[in-house]
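Visitor: Below is the structure, and that's it, no one-letter string:
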């Protein structure tokens, strides 16, 4: 049974599924959709064209679906879409998208998003990420599955962060970060492959060894970027299926990099 606290203001056009809990002093706008089992703590504001999936837990004082912090924004119809089973802690604020991009800010499933995190317009967050306290994502940032961003990380607009990346606290990411890589610093620098994280997620030893070699080709052999890409592609051809797939993911990310990669 849906529970709405008596002090909450819920627009009659908002769509709340079964078993949604709306805490004290929340404000829910007319274009909001909230999936079954999701709960909002006290003083949460959900506005704009915002869809929140199933079984999300939103802590007090969050603001979800506010207009983008972009001077080009002129009131166009854009969206925020949040998936299922996310934990969103206190004072987070997520913006809707802009028409300069796909018009949608997306947060996937099973993410752990800590306090004071800002997810700006047109960001795309994958699944199973951990985004630590006070991390600030500028517009158009993409974060891959299982990435972990340390507390107080700042990410420049349009940066892409690959799957299984782990960044240290207080980092500044101003270029793309290839998948599987550890990084830290301001600006961020690479520090090897996220071996422990990959083992925890079931990567076998052969795949990890292959990724370490691909990393060395990019970062340790003093190759030009294009030459490193070719060397990684050639290396992948001789591998068995699982290591080959991992190295191809690494190489394909490099081919799609739009801001250069951290070096």
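Guide: In hand now; what should we look at? None of these values were measured; they are calculated from a predicted model.

Visitor: Pull up the distance across stretch 97-107, start to finish.
Guide: 12 Å (CA to CA, to the nearest Å).

Visitor: State the pLDDT value of residue 1.
Guide: We have a pLDDT of 88 for residue 1.

Visitor: Against residue 54, how distant is the closest residue to it other than its chain neighbours?
Guide: Spatial nearest neighbour of residue 1, chain neighbours left out: residue 19 (6.7 Å); criterion: CB to CB, 6 or more residues apart in numbering. (Each C-beta comes from the backbone N, C-alpha and C, glycine too.) From residue 19 over to residue 54 the distance is 9 Å, taken as CB to CB, to the nearest Å.

Visitor: what sits in contact with each of the two?
Guide: 36, 37 (CB atoms under 8 Å, 6 or more residues apart in numbering).

Visitor: for the chain, which residue is closest to the average position?
Guide: Taking CA atoms, centre = their mean, the centroid of the chain lies closest to residue 125, which sits 2.7 Å from it.

Visitor: residues in contact with it?
Guide: Counting by CB under 8 Å, 6+ apart, residue 125 makes contact with 106, 107, 108, 111, 119, 131, 143.

Visitor: Please apply the same query to residue 182.
Guide: 165, 166, 167, 168, 190, 191, 192, 193, 194.

Visitor: Helix or strand: which one has it?
Guide: Assessed by DSSP states H and E, residue 182 sits inside strand 181-184.

Visitor: List the strands paired with that strand, with their directions.
Guide: Strand 181-184 has the following sheet partners, assigned by DSSP bridges: strand 166-167 (parallel), strand 189-193 (antiparallel).

Visitor: Tabulate those (a markdown table), appending mean pLDDT and mean neighbour count.
Guide: Shown next, in a markdown table, are these (pLDDT from 0 to 100; neighbours: other CB atoms under 10 Å):
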| stretch | mean pLDDT | mean neighbour count |
| --- | --- | --- |
| strand 166-167 | 98 | 24 |
| strand 189-193 | 98 | 18 |
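
Visitor: what's the strand or helix carrying residue 106 packed up against?
Guide: Taking DSSP H and E as the definition, one finds residue 106 inside strand 104-107. Under the contact criterion of 3 or more CB pairs under 8 Å, 6 or more residues apart in numbering; DSSP states H and E, strand 104-107 touches strand 79-82, strand 93-95, strand 124-125.

Visitor: Make a markdown table from those strands and add distance to residue 237 to it.
Guide: Shown next, in a markdown table, are those (distance: least, CB to CB, whole Å):
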| stretch | distance to residue 237 |
| --- | --- |
| strand 79-82 | 38 |
| strand 93-95 | 42 |
| strand 124-125 | 30 |
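
Visitor: With respect to residue 73, which of those strands lies nearest?
Guide: Closest approach to residue 73 among those is made by strand 93-95 (9.3 Å; CB to CB).

Visitor: Would you mind listing the buried residues in the closest one?
Guide: For strand 93-95, the neighbour count (16 or more other CB atoms under 10 Å) marks 93, 94, 95 as buried.

Visitor: ok, the spatially closest residue to the second one that is not a sequence neighbour to residue 5 distance?
Guide: Setting aside the residues directly before and after it, residue 94 is nearest to residue 119 in space (CB to CB, 6+ apart), at 4.4 Å. Relative to residue 5, residue 119 is positioned 26 Å away (criterion: CB to CB).

Visitor: of the two, who's got more company?
Guide: residue 119 (28 against 14; other CB atoms under 10 Å).

Visitor: quick one on the thing from earlier: considering the buried residues of strand 93-95, which is situated nearest to residue 58?
Guide: Once CB to CB is applied, the member of the buried residues of strand 93-95 that ends up nearest residue 58 is residue 94, at 10.2 Å.

Visitor: The closest one touches residue 65, doesn't it?
Guide: Yes - using CB atoms under 8 Å, residue 94 is in contact with residue 65, at 7.0 Å.
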